[in-house]
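> Sequence first, then the predicted structure:
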Amino acid sequence: MTKQRVLHALLPAGHDAQPVRWQQQKSARTRLRIVEAAIDCLVEGGYSGLSTQAVAERTRVSRGAMHHHFPTRMDLVGAVVEHVFFERMRLFLEDYLAKMEHATEAERLEIATASHWRSVQTREYAAYLELAVAARTDAELDQFFGPVARRYDEVWIAEMIEAFPHWRDQWEQMKLASDFVNVLHMGLLLQQPVFGEARTRRAQRLSNEVLRQVYAGTLVF
């Protein structure tokens, strides 16, 4: 799996090159500060707490600067959606690839699931959940969120083919196993306050055993 190739495929619009001039660099830093502040608003107050005014106050940028970068709330939302997906993938890949460097074949699945579990406990994933829930009933938000979510999923599936070429003959099982981990970890994250650590760990061990059986070909869907 090539980290640079994956991230390039998910790069938010307008970020395909590093700004050269000082003014461009300053503008890029301001834009990033605004997006990061918008994520904080999402995590702390949900989608209803995300507004250009709240973000401008948090970052202490002028109304003119805010309007220059994001003329409307939905312009800001679109940038946040892309940034959240990009950062989720970047953080996961950095964690996963660092631990895979000296791993054996038998350790790969457990490393991947452990890295994914850590990735869902980030502020980026918390923002993702807020957006996903809000997009269910907000058609305007879903116009931004839906296409980016599907693109993220398509890139991830395409990269799994490159990362695990020996699974090509069992590709549908591989995708189903990945879907299984995604929905399990989302559910465990939301239920963790109810389940507690012990039940959460038991569910994770069950998940790892299911994946090992799928990988070995002893559990076929």
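In hand now; what should we look at? For clarity, every value in this text was computed on a predicted model and none was experimentally measured.

> Output stretch 45-52 in PDB with nothing but the alpha carbons.
Presented in PDB, the C-alpha positions along stretch 45-52 are these (Å, rounded to 0.1, in the frame of the first residue of the first chain):
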ATOM      1  CA  GLY A  45     -21.500  21.100  19.600                       C
ATOM      2  CA  GLY A  46     -22.600  18.800  16.800                       C
ATOM      3  CA  TYR A  47     -23.600  20.000  13.300                       C
ATOM      4  CA  SER A  48     -26.000  22.600  14.700                       C
ATOM      5  CA  GLY A  49     -23.000  24.200  16.400                       C
ATOM      6  CA  LEU A  50     -21.100  24.700  13.200                       C
ATOM      7  CA  SER A  51     -21.500  28.200  11.700                       C
ATOM      8  CA  THR A  52     -19.200  30.600  10.100                       C
END
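
> what sits up against that stretch?
Residues from elsewhere that reach stretch 45-52 (C-beta atoms under 8 Å, 6 or more residues apart in numbering): 38, 41-42, 54, 66-67, 70, 72-73, 76-77, 80, 130-131, 133-134, 138, 141. Glycine gets a C-beta too; all of them are placed from N, C-alpha and C.

> Next one: the residue nearest in space to the middle of the chain, what pLDDT does it get?
Note on the chain: the residue nearest the mean C-alpha position is Arg88, at 3.1 Å, using C-alpha atoms, centre = their mean. Here the pLDDT value assigned to Arg88 is 84.

> show me where the protein has helices.
Listed in chain order, the helices found in the chain under DSSP state H are 3-9, 22-45, 52-59, 63-69, 73-100, 108-119, 123-135, 139-163, 171-216.

> now the third one: how far from the chain's centre is it?
To tie it back to what came earlier, the one meant is helix 52-59. Centroid separation between helix 52-59 and its chain, computed with C-alpha atoms, centre = their mean, to the nearest Å, is 24 Å.

> Let me see the contact set for Arg33.
59, 61.

> Please report how far Trp156 lies from Ala28.
Distance, Trp156 to Ala28, using C-beta to C-beta, to the nearest Å: 26 Å.

> still on that earlier bit, show me just the buried residues among the contacts of stretch 45-52.
Buried members of the contacts of stretch 45-52, scored by 16 or more other C-beta atoms under 10 Å, are 38, 41-42, 54, 66, 70, 73, 76-77, 80, 130-131, 134, 141.

> Mind putting these into a markdown table with pLDDT?
Output for the buried ones among the contacts of stretch 45-52, formatted as a markdown table (pLDDT from 0 to 100):
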| residue | pLDDT |
| --- | --- |
| Ala38 | 95 |
| Cys41 | 94 |
| Leu42 | 94 |
| Ala54 | 93 |
| Met66 | 91 |
| Phe70 | 92 |
| Arg73 | 90 |
| Leu76 | 92 |
| Val77 | 91 |
| Val80 | 91 |
| Glu130 | 94 |
| Leu131 | 93 |
| Ala134 | 95 |
| Leu141 | 92 |
